[in-house]
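1. model this:
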Amino acid sequence: MPIAPLLIPTLTFYGLEKKNLIPNNRWAKLALETTVFLASLTYAPPLATAIFPQTGRTTVEKLETQFRNLKDQRGNRITELYYNKGL
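-> Prediction:
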């Protein structure tokens, strides 16, 4: 799991405590904490994984032997393969 869902609530509560914006009421504090954590867990993982490219590239020498002698339609040897990471 990305670090963002763990880091966002910590920084949010640190900032709110510095400005004395944490409610004194137990239920209001619980509602605030729940909202921050749920928002963080809902939005941070997709945003964190969107930073990385979805497709990758590798040389055939790094793969199993069955992929090393592949040829394209023209008979040329394939040296690189592209793949979808499935994010």
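2. care to break this protein down by domain?
-> Per automatic domain parsing, the structural domains of the chain span 4-50, 55-84.
3. just the ones you listed: most buried one?
-> Per residue and on average, the most neighbours among the domains of the chain fall to domain 4-50, with a mean of 12 (mean count of other CB atoms under 10 Å). (Each C-beta comes from the backbone N, C-alpha and C, glycine too.)
4. ends of it, how far apart?
-> Chord length of domain 4-50, first to last residue, is 12 Å (CA to CA, to the nearest Å).
5. mind putting the domains of the chain into CSV with mean pLDDT?
-> Formatted as CSV, those follow (pLDDT from 0 to 100):
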stretch, mean pLDDT
domain 4-50, 92
domain 55-84, 92
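6. this protein: helices as residue ranges?
-> 4-18, 26-50 (DSSP state H).
7. redo those as JSON lines? Include distance to residue 61.
-> Shown next, in JSON lines, are the helices of the chain (distance: least, CB to CB, whole Å):
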{"stretch": "helix 4-18", "distance to residue 61": "35"}
{"stretch": "helix 26-50", "distance to residue 61": "28"}
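8. to residue 59, which of these lies closest?
-> helix 26-50 (25.1 Å; CB to CB).
9. and the angle from that closest one to helix 4-18?
-> With axes from the mean of the first three to the mean of the last three CA atoms, to 10 degrees applied, the angle from helix 26-50 to helix 4-18 works out at 140 degrees.
10. and helix 26-50, what does it pack onto?
-> helix 4-18 (3 or more CB pairs under 8 Å, 6 or more residues apart in numbering; DSSP states H and E).
11. what does the helix it packs on rub up against?
-> When contacts are defined by CB atoms under 8 Å, 6 or more residues apart in numbering, helix 4-18 is touched by residues 22, 32-33, 36-37, 40-41, 44-45, 47-48.
12. let's see it at 7 Å
-> With contacts defined as CB atoms under 7 Å, 6 or more residues apart in numbering, helix 4-18 is touched by 22, 36-37, 40-41, 44-45, 47-48.
13. please consider this matter closed, and thank you.
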